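Engineer: task: produce atomic coordinates for the following.
(chains A and B)
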Protein chains: 2
Amino acid sequence: MMSAAAIDPPSIGEGAPVLAFDVGGTDIKSAIFDANGIALGLRRTPTPALGDDPAAALIEELARLSDELRAQHPEVAPAALGFVVPGIVDADAGIGVFASNLGWRDAPLRALAAERLQLPIAFDHDVRSASWAEHQLGGARAHDDVVVLIIGTGIAGAILVGGEPYTAGGYAGEIGHSPIADGPVCACGARGCLEAVASAGAIARRYAAETGTTPDGARDVIARAAAGDTVAARIWDDALDALTMSLAQLTAMFAPEAIVIGGGLSRAGGALFDELRRRLAARLSFHRLPELLPAELQGDAGLIGAALRAREST
Amino acid sequence: MMSAAAIDPPSIGEGAPVLAFDVGGTDIKSAIFDANGIALGLRRTPTPALGDDPAAALIEELARLSDELRAQHPEVAPAALGFVVPGIVDADAGIGVFASNLGWRDAPLRALAAERLQLPIAFDHDVRSASWAEHQLGGARAHDDVVVLIIGTGIAGAILVGGEPYTAGGYAGEIGHSPIADGPVCACGARGCLEAVASAGAIARRYAAETGTTPDGARDVIARAAAGDTVAARIWDDALDALTMSLAQLTAMFAPEAIVIGGGLSRAGGALFDELRRRLAARLSFHRLPELLPAELQGDAGLIGAALRAREST
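Structural biologist: Purely as a prediction, here's the structure:
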């Protein structure tokens, strides 16, 4: 198996040509993967306002992007289409159960896409798709019982058991919305969610709220902490403590062989990984400590997972 | 499928006769199950001092008990023997990895038993065995993605994924040793383990330490709390908060359909289950709340699981 880590544009190896879409709240990443597995026409376009019928509007946008990609690459005849979305996703049933920033509830997205696009459709959750890509081609490929965490604007996770996604009807892996202590109220409505303290978004937001200075993202806060800024140091320490708490819970209960961490915060490198390893070891006793590994596919993991799933559907 | 809940002595239905042993730090429960699945000669005997070679000494004790049971029930010819032990257990490999109160490390218990007893041997972890019994015959039988928690002297757990034990080489399910906050140091050496605050043992111990009065177990502390004892009320409230925290973590990450709770504390009934349901719902938001169900096989679940596993090995 090859690593796609150093390859740009991403490649998924030889196989059927496929269309792939990674749908987010702010933008949609799309590409057509050719028979060599090279992503052609890779682009990021703003997610349009989806209006009163967000599921139908999304499928129309996918059809438009699909027509555009096919027109630009007439030499590639896609055999299937894969698309992934955030929120609560029942991939087995093909249903988008809920997505706070896209607006649908119990939308039969896979069936709608199949009818409109007249291709075999693969449909999945964005972070489970990313974890699948990391397992097939990236940082999680050496492990079958593994958790993939994406720490960016929010925190999302996906669990693989025996090399297969563990989904629990779409509800598993919500590590960002696991409670860590009496923390602040989260956007989801619960209190003390990990994401409200330890996401890259929360770290930057908390620093701005306390100092009146808007940092250049969480990594800027980390740099300020290293340079002696005591407010930055406390906010970063809180985030590390909260992450350690959730990783310790995960280790005690689920004992994954590895936890693969991606998203913006993972680019902090040793400042994140070395600290988490140290704190996790200090917090636990007889437990089997997981390897903490960086994700390798980074921002493309969801799209690559969608392409892999599309190929599997052919 | 029948429920064994109301049956005394426990029955596991028709099948091969088997010997079964549930080995604990203080005693060993043993029985011979006949072809009707009735437990004959069910007894609880003190675990002997195991000396310098605890694995060999345990196997000798199982041989002694086995001879005794067979002599008392010569009409039953066991086709296999099942035994379960606490600690870290690699059931696939047949290895007792570690058991703090029994003394072995990386002991090939299954192979030793097979050699000494000349029967097909099933070997498992005590609480995973109990969870298997609850899944086959007890409180967990309606669910395939389910967690079984035993809250007694300590807190132990087992996870079933798709109706099969999820083991992680024996390290999964250590919910008692998941950290809940800055709690007291646990016997395991870590800080703030759930078990150090919320086990029946911890609840009674904390009450005795604070008041100088030794309660008649955790349920006595709960009764005192209901009768207006403010110290008892605070200790019970702390325990419920800690349990809620761990159940919320488990729900966010793993989203089991149900959490089945057994052990001494589960006999507190509504004082435990109603409070946990209320607090868990208040702590979470969009998550899928698990059903909280009482274990049905209670103290016999480990032994029944050992018998079921022994039958599966024939």
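Engineer: touching chain B at all, the host helix or strand of residue A:197?
Structural biologist: If you go by DSSP states H and E, residue A:197 is part of helix A:195-198. No: figure legend: helix A:195-198 not in contact with chain B (C-beta under 8 Å from any C-beta of the partner chain); closest approach 10.4 Å. Where C-beta positions appear, they are placed from N, C-alpha and C, glycine not excepted.
Engineer: buried stuff in the helix or strand that contains residue A:234?
Structural biologist: For residue A:234, the host element (DSSP H and E) is helix A:230-254. Of the residues in helix A:230-254, A:232-233, A:235-236, A:238-254 count as buried by neighbour count, 16 or more other C-beta atoms under 10 Å in any protein chain shown.
Engineer: tell me how far residue A:296 lies from residue A:140.
Structural biologist: 9 Å (C-beta to C-beta, to the nearest Å).
Engineer: so these two - more neighbours on which side?
Structural biologist: Neighbours per residue, other C-beta atoms under 10 Å in any protein chain shown: of residue A:296 and residue A:140, the larger number sits with residue A:140, 31 against 20.
Engineer: that one in helix, strand or coil?
Structural biologist: Remark: residue A:140 carries the secondary structure label coil [criterion: DSSP: H, G, I helix; E, B strand; the rest coil].
Engineer: doesn't residue A:134 make contact with it?
Structural biologist: Yes: between residue A:140 and residue A:134 there is a contact at 4.2 Å, judged by C-beta atoms under 8 Å.
Engineer: okay, and the common contacts of these two?
Structural biologist: Residues within reach of residue A:140 and of residue A:134 at once, by C-beta atoms under 8 Å, 6 or more residues apart in numbering or on different chains, are A:148, A:260, A:295.
Engineer: return the member of those residues nearest to chain B.
Structural biologist: residue A:148 (12.5 Å; C-beta to the nearest C-beta).
Engineer: what score does the closest residue to that closest one other than its chain neighbours have for pLDDT?
Structural biologist: Spatial nearest neighbour of residue A:148, excluding adjacent residues (C-beta to C-beta, 6 or more residues apart in numbering or on different chains): residue A:131 at 3.6 Å. Predicted confidence (pLDDT) for residue A:131: 94.
Engineer: repeat that for the one 10 residues further on.
Structural biologist: Looking at residue A:141, its pLDDT reads 92.
Engineer: also residue A:187?
Structural biologist: 84.
Engineer: burial check on it, number of neighbours?
Structural biologist: Neighbour tally, residue A:187, other C-beta under 10 Å: 15.
Engineer: now the strands: where do they sit in chain A?
Structural biologist: Assigned by DSSP state E, the strands in chain A fall at A:18-23, A:27-33, A:39-46, A:80-85, A:88-90, A:95-98, A:105-107, A:121-125, A:146-151, A:155-161, A:164-166, A:258-262, A:291-294.
Engineer: my read: residue A:25 touches residue A:101, true?
Structural biologist: Yes: Residue A:25 is in contact with residue A:101 according to C-beta under 8 Å; the separation is 3.6 Å.
Engineer: and the two? Which one has more around it.
Structural biologist: Higher neighbour count among residue A:25 and residue A:101: residue A:25, with 15 against 12, using other C-beta under 10 Å.
Engineer: which residues touch that one?
Structural biologist: Residues in contact with residue A:25 (C-beta under 8 Å, 6+ apart) are A:47, A:86, A:99, A:101, A:102.
Engineer: from those residues, pick the one nearest residue A:174.
Structural biologist: Nearest to residue A:174, judged by C-beta to C-beta, of the contacts of residue A:25 is residue A:86 at 11.7 Å.
Engineer: next up, the contacts around the closest one.
Structural biologist: Residue A:86 sits in contact with A:23, A:24, A:25, A:99, A:101, A:102, A:125, A:126, A:127, A:156, where contact means C-beta under 8 Å, 6+ apart.
Engineer: just to revisit the earlier point, what residues does the residue nearest to residue A:148 make contact with?
Structural biologist: Taking C-beta under 8 Å, 6+ apart as the test, what residue A:131 contacts is A:140, A:146, A:148, A:158, A:159, A:160, A:165, A:260, A:301, A:305.
Engineer: still on that earlier bit, out of the contacts of residue A:25, which comes closest to residue B:52?
Structural biologist: The closest of the contacts of residue A:25, once distances to residue B:52 are taken by C-beta to C-beta, is residue A:86, at 57.8 Å.
Engineer: can you report phi and psi for the closest one?
Structural biologist: Taking degrees, to the nearest 10, you get phi -90, psi 180 for the backbone angles of residue A:86.
Engineer: please report how far it lies from chain B.
Structural biologist: Between residue A:86 and chain B the computed distance is 13 Å (C-beta to the nearest C-beta, to the nearest Å).
Engineer: which positions in chain A make contact with chain B?
Structural biologist: Counting by C-beta under 8 Å from any C-beta, chain A sits next to chain B at A:88, A:98, A:145, A:157, A:159, A:161, A:166, A:168-169, A:171-175, A:177-179, A:181, A:186, A:188-191, A:245-246, A:248-250, A:252-257, A:283-288.
Engineer: what about 6 Å?
Structural biologist: A:145, A:161, A:168, A:171-172, A:174-175, A:177-179, A:181, A:188-190, A:248-249, A:252-255, A:283-286, A:288 (C-beta under 6 Å from any C-beta of the partner chain).
Engineer: adding mean neighbour count and mean pLDDT, write the strands of chain A out as CSV.
Structural biologist: Formatted as CSV, these follow (neighbours: other C-beta atoms under 10 Å in any protein chain shown; pLDDT from 0 to 100):
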stretch, mean neighbour count, mean pLDDT
strand A:18-23, 28, 97
strand A:27-33, 23, 96
strand A:39-46, 16, 95
strand A:80-85, 28, 97
strand A:88-90, 23, 93
strand A:95-98, 22, 94
strand A:105-107, 16, 96
strand A:121-125, 27, 97
strand A:146-151, 29, 95
strand A:155-161, 26, 94
strand A:164-166, 18, 93
strand A:258-262, 26, 96
strand A:291-294, 18, 96
